[in-house]
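Student: missing the sequence, but the structure's below:
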């Protein structure tokens, strides 16, 4: 172990094992993120947000769960290892082996929101804002799960908080999963709270969606400079990573939504 680096805490990725069946912290993180996000949305509805009814929110939980799992898995297959899964298609179903993509999960959620709003005759951007507001909650738990699994760790470094990960060799590395949990989860959620509760953002459909997309993309672009690129991909042309490639269009799309919402009326402090 590198001198001065912190040893990885002893955390068993399996919470409970009963015979061949195991409950992993990763699964618990997904469940916690979805359930807490759902409760948060219900709280906003109780405070007067009319984008959805409570029944709509209850029903959408199932849609969201399927969208995140299917979209996240297919996104990983298509964005990160298409060649491998082309010759091993059955392994696409082996989700317990890891391999989920946020950008894929996001595309899955976009599709789910569009179909759900059409089915229920709901205002698309208003619902998207509500779901986007809860998004950082799931992101926070997901990144904590990445840390517990000792996966998606950072590049080699000698900073005082460097961590020696079990599968990262005997060198200290940036705990980039925690950087992402802080930026994509806590900081982004705080920004959305300021907009929603402190300004007229809730009355400008698409604004929160834009800030969520742009905020996540900006955080991901930044953290990728500290995160070890996927071993099977490495650095792409110009030293960029696949995470950065996928985040640039998301940043531009978020900026477009912000610009579009800003045309409606000036963003002013909420008089309440």
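Tutor: Here it is on my side, so go on. In this text, all values refer to a predicted model and were calculated from it rather than measured experimentally.
Student: how about the strands in this structure?
Tutor: Using DSSP state E, the strands assigned to the chain run over residues 6-7, 14-18, 21-24, 163-164.
Student: out of those strands, which one sits most buried?
Tutor: strand 163-164 (a mean of 20; mean count of other Cβ atoms under 10 Å). C-betas here are computed from N, CA, C, even on glycine.
Student: follow-up on the earlier one: can you put the strands of the chain in JSON lines and add mean pLDDT?
Tutor: Below are those laid out as JSON lines (pLDDT from 0 to 100):
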{"stretch": "strand 6-7", "mean pLDDT": "84"}
{"stretch": "strand 14-18", "mean pLDDT": "75"}
{"stretch": "strand 21-24", "mean pLDDT": "74"}
{"stretch": "strand 163-164", "mean pLDDT": "95"}
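Student: give me the below-cutoff pLDDT ranges for the stretch 151-272 of the chain.
Tutor: Applying pLDDT under 70 to the stretch 151-272 of the chain flags residues 265-272.
Student: check contacts around residue 93.
Tutor: Under the criterion of Cβ atoms under 8 Å, 6 or more residues apart in numbering, residue 93 has no neighbours.
Student: in this structure, which spans are helices?
Tutor: In the chain, the segments counted as helices under DSSP state H are 25-46, 54-79, 82-87, 102-120, 124-148, 176-180, 188-198, 207-223, 242-262.
Student: with respect to residue 156, which of the ones you listed lies nearest?
Tutor: Between residue 156 and those, the tightest spacing by Cβ to Cβ is seen for helix 176-180, at 11.6 Å.
Student: what is the closest one packed up against?
Tutor: helix 124-148, helix 207-223 (3 or more Cβ pairs under 8 Å, 6 or more residues apart in numbering; DSSP states H and E).
Student: next one: the nearest residue to residue 156 once chain neighbours are set aside from residue 177, what distance?
Tutor: Closest residue to residue 156 apart from its sequence neighbours, by Cβ to Cβ, 6 or more residues apart in numbering: residue 171 at 4.9 Å. Between residue 171 and residue 177 the computed distance is 17 Å (Cβ to Cβ, to the nearest Å).
Student: comparing those two, which residue is more hemmed in?
Tutor: Neighbour count, other Cβ atoms under 10 Å: between residue 171 and residue 177, residue 177 has more, with 25 against 15.
Student: quick one: contacts for the more buried one?
Tutor: Residue 177 touches 143, 144, 146, 147, 151, 152, 153, 154, counting by Cβ under 8 Å, 6+ apart.
Student: tell me the bridge partners for the last one.
Tutor: Think residue 154. residue 227 (DSSP bridges).
Student: ok, it - contacts?
Tutor: By Cβ under 8 Å, 6+ apart, the contact list for residue 154 reads 173, 174, 175, 176, 177, 179, 226, 227, 228.
Student: what is the nearest of those to residue 95?
Tutor: Among the contacts of residue 154, and counting by Cβ to Cβ, the member closest to residue 95 is residue 177, at 19.1 Å.
Student: if we can go back for a sec, the contacts of residue 154 into JSON lines, with extra columns for distance to residue 110?
Tutor: Listed next are the contacts of residue 154 as JSON lines, based on distance: Cβ to Cβ, whole Å:
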{"residue": "173", "distance to residue 110": "33"}
{"residue": "174", "distance to residue 110": "30"}
{"residue": "175", "distance to residue 110": "30"}
{"residue": "176", "distance to residue 110": "26"}
{"residue": "177", "distance to residue 110": "25"}
{"residue": "179", "distance to residue 110": "26"}
{"residue": "226", "distance to residue 110": "28"}
{"residue": "227", "distance to residue 110": "24"}
{"residue": "228", "distance to residue 110": "28"}
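Student: which of those residues lies closest to residue 159?
Tutor: Minimum distance to residue 159 across those is 7.1 Å, recorded for residue 174 (Cβ to Cβ).
Student: residue ranges with poor pLDDT in the stretch 1-150 of the chain?
Tutor: Within the stretch 1-150 of the chain, the stretches with pLDDT under 70 are 1-4, 19-20, 96-98.
Student: so which bits of stretch 215-227 are buried?
Tutor: Residues 215, 216, 217, 218, 219, 220, 221, 223, 224, 226, 227 are the ones in stretch 215-227 that count as buried (16 or more other Cβ atoms under 10 Å).
Student: residue 251 is in contact with the fourth one, correct?
Tutor: In other words, residue 218. Yes - contact between residue 218 and residue 251 holds when scored by Cβ atoms under 8 Å: they sit 6.3 Å apart.
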